[in-house]
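**Student:** give me coordinates for this.
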Amino acid sequence: MNLEAHLGTLTQTADDTAPWRPTLYAPVEPEQRSALTELLESGAVNSVHDTCADQLEELLSARRPDWRPDADELASAVRDHLGGTSPAEYGTWAWYAWSRQLVHVLPAAEHRELRQSRNRYKITAEEQDLLSGKTVAVVGLSVGAASAVTLAQEGVGNRFRLADFDLLSLSNLNRLRASVADVGLPKVVIAARQMYEIDPYLDITVWPEGLTEENTDAFLAGGGRTDLLVEECDDMYLKVHVRERARALGIPVLMETNERGMLDVERFDLEPERPLLHGLLQGVAAAGVKKMSTREKLPHLLRILGQDEPSERLVSSLVETGKTISSWPQLASGVSLGAALVTDTARRLLLGQFTSSGRYFVDPGTLIREGAETSLAPAEPTPEPATEVASPPLLLPPGTAGATLGEEGLRRLVAHGIQAPSGGNSQPWQFVAHGEALDCRVDTAQPQTMLDFEGRATQLAIGAAVENIHLAAQASGRACQVQYFPTPADPGLVCRLTFSPAADVPRPALFDWIEHRTTNRGPGPVRPLAESHAAALRDCAAESGARLHLVTARDQLDEMGRILGAGDRLRMLSPQLHREMMNELRWDPEETRRTRDGIDVATLGFDEVDLAGVRLARQWSGLAFVRRIGGGKAFEESAAKALAASSAVGCLTVPRKGPETFVDGGRALQRLWLTATSLGLGFQPHTSLLYLFPRLESDGETGLDTTETDVLRTLRTRFAAVIPSKPDEAELMLFRLSYAPPPTARSLRRPVDSVLHFGGPPSRSGA
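**Tutor:** Got it, this is the predicted structure:
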């Protein structure tokens, strides 16, 4: 037999009866299993593709992104998931008759969960569920085919209606994703097959006869009204006719024209009286277009295409159509861009995130051209600390009888005082000198923050500064008397320090550590806290009238790491707390040197990865979405990692005794911190939660929303299980201790002259 005879026995004419929908078998059902067996025995199956076990492994891993199972653990998880069902009978077998392939896939819900898992969080699970209930109609399967496939691929819609009368020709392959073996097949069949090969569970109806006057309403509303029409037909009459029916039915329309990335959006669902095609047809209806000759349609076509600013290639195409080219030219790049524009806009439209009508351009020729490139800043280097490592000014010689401090002496005492710590390095103090007395005041110009509840953090910082000044005065041979003003006429006045010469004042050992005390965020080696060091710290707290609770058990440290991590997440995802935290940070060394306050990011001890993460989290707009989806677990990792490398966690408390509680507490805290420094211990405060907890005990609002308050209340319960609280005590500071080497930099302080002022003699009222 010659070649022609052989071919004659094999060639089949492609027509619109070619199969385009897969047959699905669920072998867990006996009848379905029997039918699948018959198919396999028929010899029709050319290949079997079974990766269902791999899909299950990927599904279970995708559900637990932090899970790192070994092969045996993963196999065991798959067996548990199957629950005794045979692997071959689990899920669905999809028979693609056109390729003679039998493919094993997960059940519908799991198939979509896994297939769309990489959409998150560009699309949330809730949004994906909403989109899966939508119906999208596409008319015109040249440009429309790419849009239909991309919509299905992204999960924008689950039910599709496809209409096109045309068959694929070889010249169509310059822009349509198809095979030379598909030439001669209906375009709707090719598109449906491609969509089903992505998701065999889709619901697709094809209209191979194309759109007509008679079937338009059935196409748009038969079996339920479509939620969106993507119109890509070439026929101008049908273009207008289908819009008239879409407007009557309240269906929005998208059209991408493959010209300068032009996308038209017509929200007939929101604007039932909107003129068709933005009024560019000048009131001409479909019936009028139907009577027009090709020549008469041209002005309307040009208006639709935007005749005022056509691309130079559009002009040549219009002039040469029917002369040197046979039809309207289109490019694969334009079709792909159009599919992306349609899909992105359709998703936002169907989710209610985009409600406008109008014409939009995403023209690569305009956006990507000579001279239009974006100016890029060089990559930000790891910042160097803007700190100035220098000792406080030298002290005056020990005082003698009748000697006075004078302005210079007071400056030197205050210079030591302001080396004290403060929340966010806010330095909330002001000092006013009156002869040999020094008033310690609150800097009322500073804004109140969420973490400074009732001014407690401010008073703690002022108390720490008072202790430094007290130690410096003693080191200079002077006595220092502290007088509190529980109900001062001047609410900004916290206390007054009065100095007098005293030859018998011993030099305090802790004074020498003032210039070395700093926050140490280094991880340090995992090393137990020495008993002698723990005893020294407890004794220091007790001598100051405070109590120190130390956590050293590894399981409790791990739990505290989880608690503090959850607190960091709360702080990062609370709008106000996030704003206040970002206001504390200083990113530019020049800004740091100028303000000389806040926390220089270079002193945080972050590696490049952590620093990049903080940079990413600077803008609230991105975190607002993370909060909405219940994300942000990554913000818990830093605290957990730090606690894992800690020797202990400490919580310092003092008895509640009135307004001076936190000032005295600040003094005790400073002595404890200096003692830890003298023992070679790194000291890192973890203040957020401890400063938020009192809001739960207040009579008024917490300042947080209901969700945040509930989280805080849960963390309070967990915290108390590790470090029990006492109703008669005030919690001052939570901190971690480690044997980390000392940091190389410390935060800047404002100049002494910016916080110290000289006035007249103090008034008797303390004002």
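
**Student:** how near is the nearest residue to Thr23 once chain neighbours are set aside to Gly43?
**Tutor:** Spatial nearest neighbour of Thr23, chain neighbours left out: Trp95 (4.3 Å); criterion: C-beta to C-beta, 6 or more residues apart in numbering. Quick note: C-beta positions are derived from backbone N, CA and C, even for glycine. Computed as C-beta to C-beta, to the nearest Å, the Trp95 to Gly43 distance reads 13 Å.

**Student:** what about Glu38, neighbour count?
**Tutor:** 10 (other C-beta atoms under 10 Å).

**Student:** swap in Asp607?
**Tutor:** 9.

**Student:** and it, how close does it get to Arg521?
**Tutor:** Asp607 is 12 Å from Arg521, by C-beta to C-beta.

**Student:** specify which residue of Trp95 and Gly43 has the higher count of neighbours.
**Tutor:** Taking other C-beta under 10 Å, Trp95 and Gly43 do not tie; Trp95 has more neighbours (21 against 8).

**Student:** quick one: the strand or helix carrying the more buried one to chain centroid distance?
**Tutor:** Per DSSP states H and E: Trp95 is located in strand 92-96. In terms of C-alpha atoms, centre = their mean, to the nearest Å, the centre of strand 92-96 is set 39 Å apart from its chain centre.

**Student:** what does stretch 112-126 give?
**Tutor:** 15 Å.

**Student:** buried set for it?
**Tutor:** 112-117, 119, 123-124 (16 or more other C-beta atoms under 10 Å).

**Student:** could you pull out the helices in the stretch 1-150 of the chain for me?
**Tutor:** Taking DSSP state H, counting those that start in this stretch to define them, one finds helices in the stretch 1-150 of the chain at 3-10, 30-42, 52-63, 71-82, 108-115, 125-132, 143-154.

**Student:** which of these sits closest to Ala644?
**Tutor:** Ala644 lies closest to helix 71-82 among the helices of the stretch 1-150 of the chain, at 23.3 Å (C-beta to C-beta).

**Student:** kindly format the C-alpha coordinates of that closest one as PDB.
**Tutor:** Extracted in PDB, the C-alpha atoms of helix 71-82 (Å, rounded to 0.1, in the frame of the first residue of the first chain):
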ATOM      1  CA  ALA A  71      10.800  10.500  54.100                       C
ATOM      2  CA  ASP A  72       9.400   8.100  56.700                       C
ATOM      3  CA  GLU A  73       7.500  10.800  58.500                       C
ATOM      4  CA  LEU A  74       6.000  12.100  55.300                       C
ATOM      5  CA  ALA A  75       5.000   8.700  54.100                       C
ATOM      6  CA  SER A  76       3.300   8.000  57.500                       C
ATOM      7  CA  ALA A  77       1.400  11.300  57.200                       C
ATOM      8  CA  VAL A  78       0.200  10.300  53.700                       C
ATOM      9  CA  ARG A  79      -1.000   6.900  55.000                       C
ATOM     10  CA  ASP A  80      -2.900   8.700  57.800                       C
ATOM     11  CA  HIS A  81      -4.500  11.100  55.300                       C
ATOM     12  CA  LEU A  82      -5.600   8.200  53.100                       C
END
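
**Student:** counting by contacts, list what it packs against.
**Tutor:** The elements that helix 71-82 packs onto, with contact taken as 3 or more C-beta pairs under 8 Å, 6 or more residues apart in numbering; DSSP states H and E, are helix 52-63.

**Student:** which strands and helices sit next to the helix it packs on?
**Tutor:** helix 71-82, strand 101-105, helix 108-115.
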